[in-house]
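Peer 1: Task: produce atomic coordinates for the following.
(chains A and B)
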Amino acid sequence: MKVSKIKGTLDYFGRDVKKYRYIENVARSISKQFGYLEIVTPIFEATEVFARGVGEGTDIVNKEMYTFLDRSEKSLTLRPEGTAGVSRAYVENKMYVDPGLKKLFYFGQMFRCERPQAGRYRAFTQFGIEALGPGSAYLDADVIYFGYLFLQKLGIKNVKVAINTIGSKSGRAKYEEALKEYFSEHIDEMCNDCKTRLEKNPLRILDCKVDAKSDIMKNAPKIIDYLSEEDIAYFDKVLKCLDKLGVEYVIEQKLVRGLDYYNHTVFEFIYDDKNSNIDGLTLLGGGRYNGLSRQFDGPETDAIGFGTGVERLMLVLDELGLFKDDEKLVDVVVINIGEETKLEALSLAAFLRSNNVSCEIDYVSSNLKPQFKLSERVNAPYIIIIGSEEVENGVFKLKNTILKTEEMRKIEELNEIFNIEGEKYAYKK
RNA sequence: GCGAAUAUGGUGAAGUGGUUAACACGGCGGAUUGUGGCUCCGUUAUGCUAGGGUUCGACUCCCUAUAUUCGCCCCA
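Peer 2: As a prediction, the model looks like this:
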């Protein structure tokens, strides 16, 4: 039977898996620096977690989720994003009883059934952070700075930080009402997408690219008129903090984000280089989601976080040539000349390995050619060559493939050459 | 859901309406070598995504299907 991978999924191996782990390692180390601890939540959850958490009106819930019935007819869903599950876990495990902030990060696969394209897959990996507990403008800025520094550490410089506020939940609700009313009067002149958005999520109309330049859009109600003084002061403070931290940003009034749970500060990091074919790609996005915990019957809790797509970052690293893979696979390849010394070579390899020297050996052939091919393939800096003459005389040939030198050494010197403490290797007659 | 492009061996690929489907890399076998990576010889797609059609004849033209890729929408 010929089977192939499901559309929009990836096999990682070779260089790609190294790139993937490289990003993961950077993510983990920066999380540590900011004091975020890992949380691992299930790959699947009850469907309500996302339906309620992410929001009934969102694209994710309406057309992108992998939802299925288990054997007891319960509706489950493969997680399409990380925040809802973390919020559910926060409430369920009563993490709120600890005073102060819970700072958590996750790194894992998410699933969305949509059309794959550059940097977008159906099974993809997100790294995200969530800070649950007392909110503050300082925290908002710190979270944004986290994202900023993360991309910097990966070497990704040309990034536009777009930021906006959509106010408190009540402000947002009033604003949505106003938008609905306003756009209802003009809906005939607008694009089809906007017509559906009007019912589902009027905020998103602002995000429309088709009608962006029309007068209707220009004259639409502004969020600023629906923000309370506290909301505005809060946002100003976030911006001041970013100034101080040296994060350059652009205020995008029309940045609203597609998930229902957001309020107050929202942001997106967008790759910004007109000359690049990945210009405009969203690399990281997030915002504040105060009160999401109420969806899971938890206490009203402030929270903020972001998510970033690892596959997209990999795409950027490739595009910019930022990931170099010059890792040597092993330190030594042991080559034997003639079948009669194969066992001696294996024994020598075993000795090296047991003393933390990584080492490779050809298990099949005793011909020189394939053995040298192997050492090329694994990029070994050293080659040890033994034949029956060497064993007879208690020596071995040591080849340095970088300096391209070759010399005969006594077997007693092996430990010294590879910095091995303890018992010395000796040929057994 | 909409739109576009592509589909030849292990890989990168060239190709023409008409006998043996170019070339390169890789693989395999061998020659020469106690030391390869240079050289030399041989070998490596009864088949060009699948099915149908046009034709005396199609890998090359048409249709359908499938897959991949890219874009829109939305997002990470």
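Peer 1: Can I get stretch A:279-291 in PDB? Just the C-alpha atoms.
Peer 2: What follows is stretch A:279-291, C-alpha atoms only, in PDB (Å, rounded to 0.1, in the frame of the first residue of the first chain):
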ATOM      1  CA  ASP A 279       7.000  40.700   3.300                       C
ATOM      2  CA  GLY A 280       3.800  41.100   5.300                       C
ATOM      3  CA  LEU A 281       4.000  37.600   6.900                       C
ATOM      4  CA  THR A 282       2.700  37.600  10.500                       C
ATOM      5  CA  LEU A 283       5.200  36.000  12.700                       C
ATOM      6  CA  LEU A 284       3.800  36.500  16.100                       C
ATOM      7  CA  GLY A 285       0.600  37.800  17.500                       C
ATOM      8  CA  GLY A 286      -1.200  38.200  20.800                       C
ATOM      9  CA  GLY A 287      -2.900  40.400  23.200                       C
ATOM     10  CA  ARG A 288      -4.600  40.700  26.500                       C
ATOM     11  CA  TYR A 289      -7.600  38.500  27.200                       C
ATOM     12  CA  ASN A 290      -8.900  39.500  30.600                       C
ATOM     13  CA  GLY A 291     -11.800  37.400  31.700                       C
END
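Peer 1: Do a quick rundown of the helices in chain A.
Peer 2: Assignment of helices within chain A using DSSP state H yields the ranges A:15-34, A:47-53, A:59, A:83-92, A:137-153, A:169-184, A:192-200, A:215-218, A:229-245, A:310-320, A:342-354, A:368-377, A:388-393, A:414-417.
Peer 1: TSV for those helices, including mean neighbour count?
Peer 2: All C-beta spots, glycine's among them, are computed from the backbone N, C-alpha and C. Conversion of the helices of chain A to TSV gives the following (neighbours: other Cβ atoms under 10 Å):
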stretch	mean neighbour count
helix A:15-34	16
helix A:47-53	20
helix A:59	18
helix A:83-92	23
helix A:137-153	20
helix A:169-184	17
helix A:192-200	15
helix A:215-218	13
helix A:229-245	16
helix A:310-320	20
helix A:342-354	18
helix A:368-377	15
helix A:388-393	15
helix A:414-417	16
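Peer 1: Dump these to TSV, plus distance to A:G119.
Peer 2: Compiled in TSV, the helices of chain A are given as follows (distance: least, Cβ to Cβ, whole Å):
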stretch	distance to A:G119
helix A:15-34	13
helix A:47-53	23
helix A:59	18
helix A:83-92	20
helix A:137-153	15
helix A:169-184	30
helix A:192-200	22
helix A:215-218	28
helix A:229-245	26
helix A:310-320	4
helix A:342-354	40
helix A:368-377	31
helix A:388-393	53
helix A:414-417	47
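Peer 1: if we compare the ones you listed, which one ends up closest to A:G258?
Peer 2: Nearest to A:G258, of all these, is helix A:59, at 6.0 Å by Cβ to Cβ.
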